[in-house]
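Chemist: Kindly return the folded structure for what I paste below:
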Amino acid sequence: MITISNIFDADALAGLLEQSEKLVWRDGAATAGATAQRVKRNQQADLTSRAGAALRAQVETALRAHPVVQAAAWPKRISKLLL
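Modeler: Predicted structure coming up:
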């Protein structure tokens, strides 16, 4: 496992936070397995909307461009992001 920091500068992060306010948030237990559903207590953004897809694309693009990711791996794809 690697730690990646400073993916976004302050302005970009503020923009992402503003965009996240437009998202629909759902019970995180919906994405958990049977055992975890009993203890999972979180909200997850529904990234299937137009706003969610745009936010997901921004995060994925930034991850792929980050020098630590480029040095550590050449991902063919990035797993479904959760926010």
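
Chemist: C-alpha only now, for contacts and for neighbours.
Modeler: Will do.

Chemist: Where is the longest helix in the chain?
Modeler: Assignment by DSSP state H gives helix 50-65 as the longest helix of the chain.

Chemist: Now it: average pLDDT?
Modeler: Per-residue pLDDT values over helix 50-65 give a mean of 93.

Chemist: likewise stretch 25-41?
Modeler: 88.

Chemist: Quick check: buried residues in that stretch?
Modeler: Counting neighbours by 16 or more other C-alpha atoms under 10 Å, one finds that the buried residues in stretch 25-41 are 28-29.

Chemist: Kindly report the same for stretch 2-19.
Modeler: Leu16.

Chemist: Now do that stretch: everything it contacts.
Modeler: 51, 55, 62-63, 66, 68-69 (C-alpha atoms under 8 Å, 6 or more residues apart in numbering).

Chemist: And the residues you listed, which two are furthest apart?
Modeler: Ala51 and Val68 (27.3 Å; C-alpha to C-alpha).

Chemist: All the strands of this protein, residue numbers only.
Modeler: 25-27, 43-45 (DSSP state E).

Chemist: okay if I get those as TSV plus distance to Thr3?
Modeler: Shown next, in TSV, are those (distance: least, C-alpha to C-alpha, whole Å):
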stretch	distance to Thr3
strand 25-27	26
strand 43-45	22
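
Chemist: Hmm, Thr61 and Met78 touching each other?
Modeler: Rather than Met, residue 78 is Ile. No. Using C-alpha atoms under 8 Å as the test, Ile78 is too far from Thr61 to be in contact (10.2 Å).
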